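>>> Sequence first, predicted model second:
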Amino acid sequence: MPNAKNPRSSNGRTAAFGAVNRGSNPCRGAKTNEINSLAAHIDALYEYWYSVIVSQANQTIVLYKRHNPSCQVHKTRLPHATRRFWMDCSCPIWIVGRTPRGDIVPRQSTGFSDLKQAEAVRASLITQAKDETVHGPTVAECAEKYLASRRHELSEKTLGQHRLLLDRLIKFCESRHVLYMRNLSVDLLETFKIDGLPEDMADTTKSTVVAKLRCFLRTAYRREWITESLVDKVTAHRAVYEQKEPYSDEEVKLILDGALELHGGTHGYAKLPKTFRLLLELMHETGMRVGDAIRYDAAVPYKSDHLWIYTFVPQKKKKIDLPKPQETYLTERLKVAIDQCDWLSPKGPFLYGAFRNEAYLANEVYSRMQTIGEKCGVPDCRPHRLRDTFAVRMLLKGVPLEDVSRLLGHSSVKVTETYYAKWVASRKRRLERLVAESLVNP
Ligand SMILES: [Zn+2]
């Protein structure tokens, strides 16, 4: 209670709003002919004024008058500084200050000239502010806190995706007049999954977006922004992942041959078609991502029993993950061919010019493959499908899913299964057919 802090005034009464307004305002009940005797009560008016200053310091809301030029207050001998607290006239009462929560109440007319009515306005503003305290923080506030808490571990790109989702959530909630975290409900969130996200959003995108929403809800419960564990009730969006399609052997041959036929150009990969072809072969034979293949360091591989072992740190990782070296295997033929080819720069066979900008080079590889695809008639010609081709080839040859997952450098077997489940299944069918044939024709 702010009033409890108020010091006792000179006449011994508590300088509180209520006490002053109800008990000691000299203006209350004053008749016009008594105005001139007001000077006798002037210390009471000072008391009121003092309490106003204290209450401002305590962040409360102050009522005061803006007297009309014709108002009788101007005929009194009241000091000018205190005239605005003289309430016994029909001039409008204004309001200004801060709610107990600290929100600013802008200077404005209450629309009343009667103190009781104006006090009711003030009381309702204070109650409203108290309600807000009961409701807890707003969705927008919590979204900001959440993003701030994850900034250190997420890349700019991923953080941007979280922000986009939360902005959509805030907008959707506002359209349903929900401002506070505590007012989030399972039904509202389930509706958001349908009406709050773009209609044409791909199923798989939606699946990751809803996963992000659930992360936010998990944090919200942990940090006690909400009192119910909504994450347990809002279901994940299950999507069927489009299965990765490998290139056929013929398509691989067309692409590799097509790489040699792209002559012309004096810059980058266009300058050295044979080297570019080796880059494609490297991706096809090792399953490396284009960003890692571009950075291939010819000094690193060492000879093992059958193959060359190449250890590298994948570019794609979470921001806070420790670098996790990955091993891949090169054939003697490929290793030697790369060593002996014309290198694009002394830094590496596949690096040139702006090689510091890995994304730029990856994009160059992509657009060059697109051109090759158009020329040799292989649809959807892009680097990542060489990786898919590698993975499917391994699976179909009977390499266990766990091992393929390792070779691809996936964070878990689950990731591998998500994209290549179909090929695990066809591996099983192929085995079944082989067993069946051997039983029929022993
Ligand atoms: Zn007045």
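Structure received. Since the model is a prediction, treat every value here as computed from it, not as a measurement.
>>> So Val178: helix, strand or coil?
Under DSSP: H, G, I helix; E, B strand; the rest coil, Val178 falls in the coil class.
>>> Okay, it and Thr235: tell me how far apart.
20 Å (CB to CB, to the nearest Å). Where C-beta positions appear, they are placed from N, C-alpha and C, glycine not excepted.
>>> These two: which is more packed in?
The neighbour comparison of Val178 against Thr235 (other CB atoms under 10 Å) goes to Val178, with 18 against 13.
>>> give me every residue that touches the more buried one.
Neighbouring residues of Val178 by CB atoms under 8 Å, 6 or more residues apart in numbering: Val139, Leu184, Leu188.
>>> Could I get the phi/psi values of it?
In terms of degrees, to the nearest 10, the main-chain angles of Val178 are phi -110, psi 120.
>>> can you list the contacts of Val178 in a markdown table and add secondary structure, pLDDT and distance to the ion?
Output for these, formatted as a markdown table (DSSP: H, G, I helix; E, B strand; the rest coil; pLDDT from 0 to 100; distance: CB to the ion, whole Å):
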| residue | secondary structure | pLDDT | distance to the ion |
| --- | --- | --- | --- |
| Val139 | helix | 93 | 44 |
| Leu184 | coil | 92 | 48 |
| Leu188 | helix | 95 | 50 |
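>>> Now name the helix or strand holding the spatially most central residue of the chain.
Residue closest to the average C-alpha location in the chain (CA atoms, centre = their mean): His162, at 2.2 Å. Under the criterion of DSSP states H and E, His162 resides in helix 156-175.
>>> Need the residues that contact that helix.
139-140, 143, 146-147, 150-151, 154, 179, 184, 188, 192, 195-197, 208-209, 212-213, 216.
>>> hmm, which of the residues you listed are the buried ones?
139-140, 143, 146-147, 150, 154, 179, 184, 188, 192, 196-197, 209, 212-213, 216 (16 or more other CB atoms under 10 Å).
>>> the helices in the stretch 101-250 of the chain, which residues?
115-135, 139-150, 156-175, 186-191, 203-222, 249-261 (DSSP state H, counting those that start in this stretch).
>>> ranking those by mean pLDDT, which is last?
Of all the helices of the stretch 101-250 of the chain, helix 115-135 carries the lowest average pLDDT, namely a mean of 78.
>>> elements contacting that helix?
With contacts taken as 3 or more CB pairs under 8 Å, 6 or more residues apart in numbering; DSSP states H and E, helix 115-135 sits against strand 61-65, strand 93-98.
>>> nearest to Ala123, of these?
Among the helices and strands packed on helix 115-135, strand 61-65 comes nearest to Ala123, with 9.1 Å by CB to CB.
>>> so does that closest one get close to the ion?
No: Strand 61-65 stays clear of the ion (CB under 5 Å from the ion), getting no nearer than 5.5 Å.
>>> That strand versus strand 93-98: what angle between them?
With axes from the mean of the first three to the mean of the last three CA atoms, to 10 degrees defining the directions, strand 61-65 sits at 150 degrees from strand 93-98.
>>> From the rest of the structure, what touches strand 61-65?
Contacts of strand 61-65 (CB under 8 Å, 6+ apart): 52, 55-56, 73, 83-87, 89, 91-99, 105, 110, 115, 118-119, 122, 125-126.
>>> now swap in stretch 301-313 and tell me
286, 288, 292, 295-297, 300, 323-332, 335.
>>> Dihedrals phi and psi, Leu330?
Torsion angles, degrees, to the nearest 10, at Leu330: phi -120, psi 140.
>>> That one contacts His284, correct?
No: Leu330 is not in contact with His284 according to CB atoms under 8 Å; the separation is 11.8 Å.
>>> Residue of the stretch 201-350 of the chain closest to the ion, please.
Closest to the ion within the stretch 201-350 of the chain is Trp225: 47.5 Å, counting by CB to the ion.
>>> contacting residues for that residue?
Gly136, Pro137, Cys142, Met181, Arg182.
>>> If we use 10 Å, what do you get?
136-139, 141-142, 145-146, 180-182, 184, 216-217, 219 (CB atoms under 10 Å, 6 or more residues apart in numbering).
>>> same deal with Thr331?
Glu281, Glu285, Thr286, His306, Leu307, Trp308, Ala337.
>>> Quick check: chain neighbours aside, which residue is closest to the second one?
For Glu285, the nearest residue in space outside its immediate sequence neighbours is Leu334; the separation is 5.9 Å by CB to CB, 6 or more residues apart in numbering.
>>> I'd assumed the one you found was in a strand, is it?
No: counting by three-state DSSP, Leu334 is located in no strand; its state is helix.
>>> Leu280 is in contact with that one, correct?
No: using CB atoms under 10 Å, Leu334 is not in contact with Leu280; the gap is 11.2 Å.
>>> More neighbours: these two, which one.
Between Leu334 and Leu280, Leu280 has the larger neighbour count (other CB under 10 Å), namely 22 against 19.
>>> part of a strand, is the more buried one?
No: counting by three-state DSSP, Leu280 is not part of a strand but helix.
>>> so what's it up against?
Counted by CB under 10 Å, 6+ apart, Leu280 has contacts 252, 255-256, 258-259, 290, 293, 365, 368-369, 372, 383, 386.
>>> now the closest residue to the ion within the stretch 101-250 of the chain: how far from Val105?
The ion sits closest to Ser113 of the stretch 101-250 of the chain, with a gap of 8.1 Å, by CB to the ion. Ser113 is 19 Å from Val105, where distance means CB to CB.
>>> who's more crowded, these two?
For Ser113 and Val105, the more surrounded residue by other CB under 10 Å is Val105, and the numbers stand at 18 against 15.
>>> For the more buried one, give me its contacts.
So Val105 contacts 60-62, 95-99, 121-122, 125-126, 129 (CB under 10 Å, 6+ apart).
>>> Can you say which of these are buried?
Thr60, Ile61, Val62, Ile95, Gly97, Arg98, Thr99, Val121, Arg122, Leu125, Ile126, Ala129.
>>> for Ser224, phi and psi?
For residue 224 the amino acid is Glu, not Ser. phi 60, psi 30.
>>> so it touches Gly136, yeah?
Yes: in this structure, Glu224 is within contact of Gly136 by CB under 10 Å, at 8.4 Å.
>>> just the angle between the helix ranked longest in the chain and helix 203-222, please?
Ranked by residue count under DSSP state H, the longest helix found in the chain is helix 413-440. Using the same axes, to 10 degrees, the direction of helix 413-440 lies 130 degrees away from that of helix 203-222.
>>> For helix 413-440, which helices and strands make contact with it?
Applying 3 or more CB pairs under 10 Å, 6 or more residues apart in numbering; DSSP states H and E, we find helix 413-440 packed against helix 383-396, helix 401-408.
>>> now that helix, how far from the centre of its chain.
39 Å (CA atoms, centre = their mean, to the nearest Å).
>>> List, one by one, the residues from the stretch 1-150 of the chain near the ion.
His67, Cys71, Val73, Cys89, Cys91.
>>> For the residues you listed, pick the one with the most neighbours.
Val73 (21 neighbours).
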